[in-house]
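J.: What follows is a predicted structure for the sequence shown.
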Amino acid sequence: MDRLYLILTLFLLLNLAAGMWRVLRGPSAVDRMLASQLFGTTAVAILLLLAQLYEREALRDVALLFALLAAVTAVAFVRRLWQSHEHK
Amino acid sequence: MNSAILYALVGVGIFSLGLYALILHPHLLRKILAINVMGSGLFLVLIALAKRTGEPLPDLVPQAMVITGIVVAFSATALALALMVRVAKENHRAELSDDESQQP
Amino acid sequence: MNISDYLSALLLIAGGLFFLAGTLGLLRFPDIYTRLHALTKADNVGLGLMVAGLAIQADSWAVVGKLLLIWGLVLLAGASVAYLIANGALKRGIRLWRR
Amino acid sequence: MLFDALLGLLLLGLAWLLLSCRDLFKAIVLFVAFGLLMAIVWVRLDAPDVALAEVAIGAGLTGALLMSALAKLPVDNPPGRYSNEKTHWLLPLTLALMLLLVASGLGYALWSLPVIAPGLSGEVAANLEQSGVSNPVTAVLLNFRGYDTLLEIVVLLLALLGVWSLNSLDATPATAEKPANLVLDTLMRLLVPLLILVAAYLLWAGANSPGGAFQAGAVLAAAGVLLLLAGWRLPTALAGLPLRLALVAGPVAFITLAALTLLNARLLELPVEHAGMLILLLETFAMFSIGVTLAALFLGQRPQERGGSA
């Protein structure tokens, strides 16, 4: 099983790297923001897999915190930046 | 070469990239980001070197220092951003100019 | 490896495939709304499958509870953010993609 | 190892891209992604305490802070416009060469370091029983090197004073936030109590597993940031003395304890039999102050007080 966990974390990391392309290309600010949401979900999955691999409960706490705070940056984007600049 | 040394070298690289951008880019927000990137590189070196204890458990004193470092870096960033907004309000641009005569 | 290991491996790999689908959607779909659709649905299902696969392997019910809580939180945040972004984009007149 | 190499390459690439791309918003999104990858690196390097702090600060506070700062910049200055047209090509080249020299020197120094260097880990492990907690990181922060933590909380306070005094120079009213819509409001109602609960959990768990006052304080601050983003403002009745009391509760608790330990033995040397209880007490005050200070730093200006003297 451990080998499967490792392969999956590597696969998810590659996924994340591919998503970086959308941040770079845009074209709009919203698209970049969406890609960063993808990173959040992927990072939670990576952390959960690593927690199982290392058998460390604390890593699930890190993932929990990630899941709790996943919305904050996006909310800040919608409420602050989008309302002042017309960032298309 | 083990992963600790690998991450320490990555930390040095990140630090250098940050320093380069800090010196070269005129926009203040970019400079603030550059300082933060430099800080991350430094933390990376500290934590990676703390792993060389030869035991399963790493050296925890640098880890504790880095935790306070992260919080202090955030508060310094907040202060720097407030300064930047202030500069932008006075000069109508968030950049520092070399040329004194350009200042309004 | 016993049966529960195989089942958990199957769920984990299926979850990974959903993540791949989400990333492909983000990269290939033509406008914000379709990308939003790919992202929030596929990734959350992918994480759900991974959580199910890991829950089979978990040592205690507390761990299962924490895994489910994490998934629930990601669903909540994903759904709310998707609404906020789509709503804002519509209000700003970002047009829907038409063939 | 392959994972580590890929992660390292990604970090270097992200750092380069976020520092060189033209669009400032793109740079901010890349910076948030950079912080996220750093959290995974801390996990790989056996530092879950640091990962918790990085996630709480990086995911909860930094992105929101940078975005609202970008929103405050004047629009007529197109973000990301370069103005160094006059810069000769020789300057970047020289700089790059010099930094390459420095980096390779540092890299060589790291390379030639001994492979095994226990540092202070042995001493921490030997004295852990006397510290009153079983999480070594908490023991270092609150007991062995308590004065570092004290000064660090004071630094937070100084930063806040700096931000407040910058804003008192001009009397622009607080930017009026649009009222929150139903979805955002519901999200707040669900997330904020959970965040407070998780902060309490991290504080309590910090005694014997990763967590502690800093992480818990940052989580509290994230709850405050969410409330502020949803349009909530501190009631004017609380913005005067109660806010100040909350801000100084941590430093005052620390200094009181420091004075008491000075009477007895040496500065911030906690008596062994009460150390566990004292650390929990200190951490509670510290968490509260850190949370309030960080949220106030995000707000960026002094809250309106009753009587309007702000």
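T.: Perfect, I can see it now. Here the structure is a predicted model, which means the values were calculated and not measured.
J.: near chain B, anything from the strand or helix carrying residue D:276?
T.: Using DSSP states H and E, residue D:276 falls within helix D:275-299. Yes. Counting by C-beta under 8 Å from any C-beta of the partner chain, chain B is contacted by helix D:275-299 at D:290, D:293-294, D:297-298. All C-beta atoms are positioned from the backbone trio N, CA, C, and that covers glycine.
J.: wait, what's in contact with residue A:45?
T.: A:12, C:15, C:19, C:46-47, C:50 (C-beta atoms under 8 Å, 6 or more residues apart in numbering or on different chains).
J.: can we see that at 10 Å?
T.: Counting by C-beta atoms under 10 Å, 6 or more residues apart in numbering or on different chains, residue A:45 touches A:8-9, A:12, A:15-16, A:63, C:12, C:15-16, C:19, C:43, C:46-47, C:49-51, C:54, C:70, C:74.
J.: residue ranges with poor pLDDT in the chain?
T.: Going with chain A. A:83-88 (pLDDT under 70).
J.: Chain D, not that one
T.: Applying pLDDT under 70 to chain D picks out residues D:75-88, D:168-180, D:265-268, D:305-310.
J.: what about the closest residue to chain C within it, which helix or strand?
T.: Distance from chain C to each residue of chain D (C-beta to the nearest C-beta) is smallest for residue D:187, at 4.4 Å. Using DSSP H and E, residue D:187 sits within helix D:182-205.
J.: which residues does the residue of chain D closest to chain C contact?
T.: Residue D:187 makes contact with A:71, A:75, C:76-77, C:79-81, C:83-84, D:180, D:226, D:230, according to C-beta under 10 Å, 6+ apart.
J.: ok, so of those residues, who is nearest chain B?
T.: Nearest to chain B among these is residue D:226, at 16.5 Å by C-beta to the nearest C-beta.
J.: Pretty sure that closest one sits against residue D:191.
T.: Yes. The pair residue D:226 / residue D:191 is scored as a contact, 6.1 Å apart, by C-beta atoms under 10 Å.
J.: where do the helices sit along the chain?
T.: With no chain named, the answer covers chain A. A:2-25, A:29-54, A:57-76, A:82-84 (DSSP state H).
J.: my bad, chain D
T.: For chain D, helices defined by DSSP H occupy the ranges D:2-20, D:24-44, D:48-57, D:63-72, D:90-111, D:121-131, D:136-139, D:146-167, D:182-205, D:213-229, D:241-264, D:275-299.
J.: Can you say which of these is packed in most?
T.: helix D:48-57 (a mean of 30; mean count of other C-beta atoms under 10 Å in any protein chain shown).
J.: Say whether chain C is contacted by that helix.
T.: No. When contact is scored as C-beta under 10 Å from any C-beta of the partner chain, no part of helix D:48-57 falls within range of chain C; the minimum is 12.7 Å.
J.: Show me what that helix is packed against.
T.: helix A:29-54, helix A:57-76, helix B:28-49, helix B:60-91, helix D:24-44, helix D:136-139, helix D:182-205, helix D:213-229 (3 or more C-beta pairs under 10 Å, 6 or more residues apart in numbering or on different chains; DSSP states H and E).
J.: at 6 Å what do you get?
T.: If contacts are counted by 3 or more C-beta pairs under 6 Å, 6 or more residues apart in numbering or on different chains; DSSP states H and E, helix D:48-57 sits against helix A:57-76, helix B:60-91, helix D:24-44, helix D:213-229.
J.: is the second one anywhere near chain A?
T.: No. Helix B:60-91 lies apart from chain A when judged by C-beta under 6 Å from any C-beta of the partner chain; the minimum separation is 12.1 Å.
J.: now that helix against helix D:24-44, angle please.
T.: Here the directions of helix B:60-91 and helix D:24-44 differ by 170 degrees (axes from the mean of the first three to the mean of the last three C-alpha atoms, to 10 degrees).
J.: Pull the distance from helix B:60-91 to the chain's centre.
T.: In terms of C-alpha atoms, centre = their mean, to the nearest Å, the centre of helix B:60-91 is set 9 Å apart from its chain centre.
J.: relative to helix D:213-229, how tilted is it?
T.: 30 degrees.
J.: mind listing what's buried in helix B:60-91?
T.: B:60-82, B:84-88, B:91 (16 or more other C-beta atoms under 10 Å in any protein chain shown).
J.: same question for that helix, mean pLDDT?
T.: Helix B:60-91 shows a mean pLDDT of 88.
J.: mind listing the helices for chain C?
T.: In chain C, the helices defined using DSSP H lie at C:3-28, C:32-57, C:61-91.
J.: Rebuild those helices as TSV, extending it with mean pLDDT.
T.: Listed next are these as TSV, based on pLDDT from 0 to 100:
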stretch	mean pLDDT
helix C:3-28	90
helix C:32-57	89
helix C:61-91	89
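J.: Please determine how far the spatially most central residue of chain D is located from residue D:216.
T.: Closest to where the C-alpha atoms of chain D average out (C-alpha atoms, centre = their mean) is residue D:57, at 4.8 Å. Distance, residue D:57 to residue D:216, by C-beta to C-beta, to the nearest Å: 12 Å.
J.: before we move on, what about residue A:76?
T.: In terms of C-beta to C-beta, residue A:76 sits 21 Å off from residue D:216.
J.: got the phi/psi numbers for residue B:95?
T.: Main-chain torsions, residue B:95, degrees, to the nearest 10: phi -140, psi 160.
J.: correct me, but it touches residue B:26?
T.: Yes. The pair residue B:95 / residue B:26 is scored as a contact, 4.6 Å apart, by C-beta atoms under 6 Å.
J.: These two: who's more crowded?
T.: Ranked by neighbour count (other C-beta atoms under 10 Å in any protein chain shown), residue B:95 and residue B:26 place residue B:95 first, with 20 against 17.
J.: Residue D:252: which of the helices of chain C is closest?
T.: In terms of C-beta to C-beta, the element of those nearest to residue D:252 is helix C:61-91, at 35.2 Å.
J.: angle of that closest one against helix D:182-205?
T.: 150 degrees.
J.: Identify each buried residue in helix C:61-91, please.
T.: For helix C:61-91, burial by neighbour count (16+ other C-beta under 10 Å) applies to C:63-64, C:66-67, C:69-71, C:73-78, C:80-86, C:88-89.
J.: Residue A:38: what's it in contact with?
T.: Residues near residue A:38 by C-beta atoms under 6 Å, 6 or more residues apart in numbering or on different chains: A:19, C:26, C:39.
J.: What is the burial count for the nearest residue to it once chain neighbours are set aside?
T.: Excluding its sequence neighbours, the residue lying closest to residue A:38 (C-beta to C-beta, 6 or more residues apart in numbering or on different chains) is residue A:19, at 4.8 Å. A count of neighbours around residue A:19, defined by other C-beta under 10 Å, yields 23.
J.: Residue B:16 now?
T.: Residue B:16, neighbours per other C-beta under 10 Å, totals 23.
J.: How about whatever helix or strand it lives in and chain A, any contact?
T.: Assigned by DSSP H and E, residue B:16 belongs to helix B:3-24. No. Against chain A, helix B:3-24 shows no contacts by C-beta under 6 Å from any C-beta, the least distance being 13.4 Å.
J.: so how far is that helix off the chain centroid?
T.: Taking C-alpha atoms, centre = their mean, the mean C-alpha location of helix B:3-24 is offset from the chain mean by 10 Å.
J.: so what secondary structure elements neighbour it?
T.: Counting by 3+ C-beta pairs under 6 Å, 6+ apart, helix B:3-24 packs on helix B:28-49, helix D:2-20, helix D:90-111.
J.: can you give me the angle the last one makes with helix B:28-49?
T.: So the one you mean is helix D:90-111. Going by the same axes, to 10 degrees, helix D:90-111 makes 20 degrees with helix B:28-49.
J.: Just the C-alphas of helix D:90-111, formatted as CSV.
T.: Output in CSV follows, covering the C-alpha atoms of helix D:90-111 (Å, rounded to 0.1, in the frame of the first residue of the first chain):
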residue,chain,number,x,y,z
LEU,D,90,24.5,45.7,-17.7
LEU,D,91,23.0,46.1,-14.2
PRO,D,92,20.8,43.0,-14.2
LEU,D,93,23.7,40.9,-15.6
THR,D,94,26.2,42.1,-13.1
LEU,D,95,23.7,41.5,-10.3
ALA,D,96,22.9,38.1,-11.5
LEU,D,97,26.5,37.1,-11.7
MET,D,98,27.3,38.4,-8.3
LEU,D,99,24.3,36.6,-6.8
LEU,D,100,25.3,33.5,-8.6
LEU,D,101,28.7,33.7,-6.9
VAL,D,102,27.1,34.2,-3.5
ALA,D,103,24.6,31.4,-4.0
SER,D,104,27.3,29.0,-5.1
GLY,D,105,29.4,29.9,-2.1
LEU,D,106,26.5,29.3,0.2
GLY,D,107,25.7,26.1,-1.6
TYR,D,108,29.3,24.9,-1.2
ALA,D,109,29.2,25.8,2.5
LEU,D,110,26.0,23.7,2.9
TRP,D,111,27.5,20.9,1.0
